[in-house]
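In: Give me the fold of what follows.
(chains A and B)
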Amino acid sequence: MKKVLKGTACVLLALSLMASVTACSKGSNSSTTSGTSGGKITLTIWDQSVGETDPTAKLLPEVVKEWNEKHPNVQVTRNGTSGEQYKTKIKTALAANEAPDVFYGMGGGSFMQPYIVGGNCLVLDDYLSQDTLSKLRPGMIEGCKVNGKIYTLPCYTHIANLYVNTYLFDKAGAKVPTNYEELLDAVKKLKAAGITPAVLGEKDRWPGMYWFDIIAMRQAGNAACIEAFKDPKKFDSPDFIEAARKLQELAKAGLFNSSMFSMSYDEMLNAYNNEQGAMMFQANWVNAGIEDSSSKTKGHVKVVVFPVFSDGKGKASEFFGGGQDGFYFSANTTSPKDAVEFLTYLSEQLGTRGYLAGAGLPCWDTTGLDTSSLSELDKTDAKLLDTATSFITWWDNIFPAESAETHKNLIAELLANKITPQDFCKQMAQLKPTELAF
Amino acid sequence: MNSVFSNKKAICIFMIPTMLIFVVIVFVPILISSYYSLLDWNGVGAGKFIGLQNYVEMFTSPRALNSIKNSCLFALVSIFIQLPISLFLALILANGVKGEGFYRTVYFIPVLISTVVIAQLWSKIYNADYGLLNQLLKAIGLGSLAQDWLGQTETALGASFVPTLWQYVGYHMLLMYASAKSISKDVIEAARIDGATSTRIAFSIMIPLMKPMLKVCLIFSLIGSFKVFDLVYVLTKGGPFFTTEVPSTLMYTTIFDTYRYGYGSAISVFIIVECLVFTLLINKFFKTED
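Out: Below you'll find the model as predicted:
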């Protein structure tokens, strides 16, 4: 009896091992570019739109479903993972040559640079028609080009602005700041009223980077910043030192919550939407969360351009953001023509309907769209976008990857008062220049 | 059965499948990683051969040395705080208390919970604004001690030790408990008849007889603390200004944030060698003791 039991146990174990091995290989197959089977093509798309308040999270599956219904011969399967995990996942897949046909590329820039240069991404020029390109807003396609070739079609663009909670400002008797002195004054009044002037989730380091970058752009002007990207030694100059000094002065004055170093980006959004801070400097992807019916901030928040400095060279029409968020192609995709057709459809649908749902600002032509469903914040953002004369996208997408990390770490040290503004700029001057064309 | 064990050919044949899987899943990736560690490679395209430069960089970079120091601190804390606690609990339970089975299960539960869940749990406990720890301190009048545990450079490392220790106390306790229980009751009874107290029995009889298991626990604890990743990463991502950074989180951020696969591979090879060296040292130490 014992022998039979032992025997069956061994056989079962062997079978289960075999099953798990085949299941593993099957799993990895479905995430690689799949081929044709009797005329039917399957495309895979990976994205990071899974947030609860992210309008794209609802819209993207809808668009995929509509495409699948209209095109029975070209079926698309979608795989969504959230933000930071998505970055790791797509990087691993690209390195292993197992990338999906279409994938989200996080605003391009230095995130996508190694893969474009390494030949992992498909060039789209031959597959795009003039008709498609004409539907894009002027200037938008430029940001999608690397070395003169187009690699993506933009869905949305984002700009960063100052979100002020007018309810909390009124409570403290503070005025919405339009210049640096008013900003310091607002900090004083808000603190006196027991309100945290601004929430910052510095654990992830890029929210703090946003504050420094806009202050630098206001102090030195966009043109000087672009010069410095090309030649980082220019960061060691009076304007940037002054920008670093201003940020440190704001931090010392108590602008930010004392728990900023252990607060993550998501916790920052939660805190802001729960009215635990009066200001936040972020991009328009936060609009949906602020205006959500479960947020205390619904109806209390106004979006304004970041204060302009009277002693600075930056103008109110110079914006932080404007990069193109889009989807990229794996060079291994089996059917480029169909994939590009799908991308055109997806980008246009997301770009127009997503804009109406508040997912981002439009890259596509939006004349004739019914904008009445947009929230106040989205409408203001769209108006601000129209006034823009110059854009600089997120600096960690402009610097090469290692320098981007150093940049973020230096800003964190600046906020913690661990280095002087002069030392900060000296170390910034040692960063590597951008590999993108400006 | 005996005929199978004594037949050397049969032993070899039965070992082959496992050896094959082991070589493919463990050895081959280590060899490939060692090769990558000699390159300057960004993950895509061709890498540039730079010899041992990555290792030189690792041993001269303050950030890497700091991470090695942190992993050594984790190891020390594991050995001198976690193992004694596990031993203490194991001896008490092995002596027989009411609800022995219940306590055994309860102490083991943290081991079963996913490390990520534990990290999330503790990061909420440590939260500066609404965390349980700060609320507790304020409630008992020690509000002045309430601080941003994970956000301050002074407290972050110490704060991240606690969940790591807490999670695996039950695991080591269970191993030691099993070993303690396997000691023949006759020896202990004889000692009691001779008038030995429980403490005396514990130190002079039980612990020496548990030496093999203690060696195993020591090795697991040491290697676990050299390799610790998920708990630290979810709690602090390497900490405010790298104060909680360990080699594995450094390796992760090097590869995925800065695209430096060569340097990251060098760090991973270092961790492997470090664990091997210490395992051999411990084995040697315990052998000479016998």
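
In: secondary structure class for the residue of the stretch 151-290 of chain B found nearest chain A?
Out: Per CB to the nearest CB, the residue of the stretch 151-290 of chain B with the smallest distance to chain A is B:Gly151, at 3.2 Å. All C-beta spots, glycine's among them, are computed from the backbone N, C-alpha and C. Going by DSSP: H, G, I helix; E, B strand; the rest coil, the secondary structure assigned to B:Gly151 is coil.

In: is it true that it touches A:Ser259?
Out: Yes - under the criterion of CB atoms under 8 Å, B:Gly151 is in contact with A:Ser259, at a separation of 5.6 Å.

In: if we can go back for a sec, from A:Ser258, how far off is the residue of the stretch 151-290 of chain B closest to chain A?
Out: 8 Å (CB to CB, to the nearest Å).

In: neighbour-wise, which of these two wins?
Out: Neighbour totals were compared for B:Gly151 and A:Ser258, and B:Gly151 leads with 25 against 15 (other CB atoms under 10 Å in any protein chain shown).

In: Contacts only, for that one.
Out: When contacts are counted by CB atoms under 8 Å, 6 or more residues apart in numbering or on different chains, B:Gly151 is found next to A:203, A:259-263, B:128, B:240.

In: ok, so of those residues, who is nearest A:Asp131?
Out: Ranked by distance to A:Asp131 (CB to CB), the contacts of B:Gly151 are led by A:Lys203 at 45.8 Å.

In: Quick check, that closest one in contact with A:Asn257.
Out: No - if you go by CB under 8 Å, A:Lys203 and A:Asn257 don't touch, sitting 11.8 Å apart.

In: Touching both of these two, which residues are there?
Out: Counting by CB under 8 Å, 6+ apart, the contacts common to A:Lys203 and A:Asn257 are A:Met263.

In: shared neighbours of B:Gly151 and A:Ser259, anything?
Out: Taking CB under 8 Å, 6+ apart as the contact rule, B:Gly151 and A:Ser259 both touch B:Ala128.

In: which residues in the stretch 1-150 of chain A form helices?
Out: With DSSP state H, counting those that start in this stretch, the ranges of helices along the stretch 1-150 of chain A come out as A:2-31, A:55-70, A:83-95, A:113-117, A:130-134.

In: A:Asn332 in helix, strand or coil?
Out: What three-state DSSP gives for A:Asn332 is coil.

In: Count the neighbours of it for me.
Out: Residues lying near A:Asn332 (other CB under 10 Å) number 14.

In: Now do the same contact list for residue 261.
Out: No chain specified, so I'll use chain A. Shown here is A:Phe261, whose contacts under the criterion CB under 8 Å, 6+ apart are A:202-203, A:412, A:416, B:148, B:150-152, B:240.

In: You answered for a different chain; I wanted chain B.
Out: B:Tyr261 makes contact with A:95, B:36, B:39, B:41-43, B:47, B:255, according to CB under 8 Å, 6+ apart.

In: which residues are common contacts for B:Gly151 and A:Ser258?
Out: Contact criterion CB under 8 Å, 6+ apart; residues bridging B:Gly151 and A:Ser258 by contacting each: B:Ala128.

In: Next, find the distance separating A:Gly351 from chain B.
Out: Separation of A:Gly351 from chain B (CB to the nearest CB, to the nearest Å): 29 Å.

In: ditto for A:Thr44
Out: From A:Thr44 over to chain B the distance is 19 Å, taken as CB to the nearest CB.

In: Let's see the pLDDT reported for the closest residue to that residue other than its chain neighbours.
Out: For A:Thr44, the nearest residue in space outside its immediate sequence neighbours is A:Pro100; the separation is 3.8 Å by CB to CB, 6 or more residues apart in numbering or on different chains. Predicted confidence (pLDDT) at A:Pro100: the value is 88.

In: backbone phi and psi for A:Pro100, please?
Out: The main-chain torsion angles of A:Pro100 are listed as degrees, to the nearest 10 and equal phi -70, psi 170.

In: if we can go back for a sec, which pLDDT value goes with the residue of the stretch 151-290 of chain B closest to chain A?
Out: As summarised for this prediction, B:Gly151 has a pLDDT of 89.

In: which element is whichever residue of the stretch 301-438 of chain A sits closest to chain B on?
Out: In the stretch 301-438 of chain A, the residue that lies nearest chain B is A:Glu402 (4.2 Å; CB to the nearest CB). For A:Glu402, the enclosing helix or strand under DSSP states H and E is helix A:401-415.

In: and that helix, what's its mean pLDDT?
Out: Throughout helix A:401-415, pLDDT has a mean value of 94.

In: hey, C-alpha coordinates of it in PDB?
Out: Taking Å, rounded to 0.1, in the frame of the first residue of the first chain, the C-alpha atoms of helix A:401-415 are listed here in PDB:
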ATOM      1  CA  ALA A 401      19.400  58.700 -16.700                       C
ATOM      2  CA  GLU A 402      22.300  58.800 -14.200                       C
ATOM      3  CA  SER A 403      22.500  62.600 -14.200                       C
ATOM      4  CA  ALA A 404      18.700  62.700 -13.700                       C
ATOM      5  CA  GLU A 405      19.100  60.600 -10.500                       C
ATOM      6  CA  THR A 406      21.900  62.900  -9.300                       C
ATOM      7  CA  HIS A 407      19.800  66.000 -10.100                       C
ATOM      8  CA  LYS A 408      16.900  64.600  -8.000                       C
ATOM      9  CA  ASN A 409      19.200  63.600  -5.100                       C
ATOM     10  CA  LEU A 410      20.900  67.000  -5.000                       C
ATOM     11  CA  ILE A 411      17.500  68.700  -4.800                       C
ATOM     12  CA  ALA A 412      16.500  66.500  -1.900                       C
ATOM     13  CA  GLU A 413      19.700  67.500  -0.100                       C
ATOM     14  CA  LEU A 414      19.000  71.200  -0.900                       C
ATOM     15  CA  LEU A 415      15.500  70.800   0.700                       C
END
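
In: And that helix, what's buried?
Out: Judged by neighbour count (16 or more other CB atoms under 10 Å in any protein chain shown), helix A:401-415 contains these buried residues: A:401-412, A:414-415.

In: what's the answer for stretch A:360-377, then?
Out: With burial defined by 16+ other CB under 10 Å, the residues of stretch A:360-377 counted as buried are A:360-365, A:374-375, A:377.

In: First-to-last residue distance for that stretch?
Out: 11 Å (CA to CA, to the nearest Å).

In: Quick one: name the residues of chain B near chain A.
Out: Among all residues of chain B, those adjacent to chain A (criterion: CB under 8 Å from any CB of the partner chain) are B:42-45, B:123, B:126-129, B:148-152, B:236-237, B:240-241, B:253, B:256-261.
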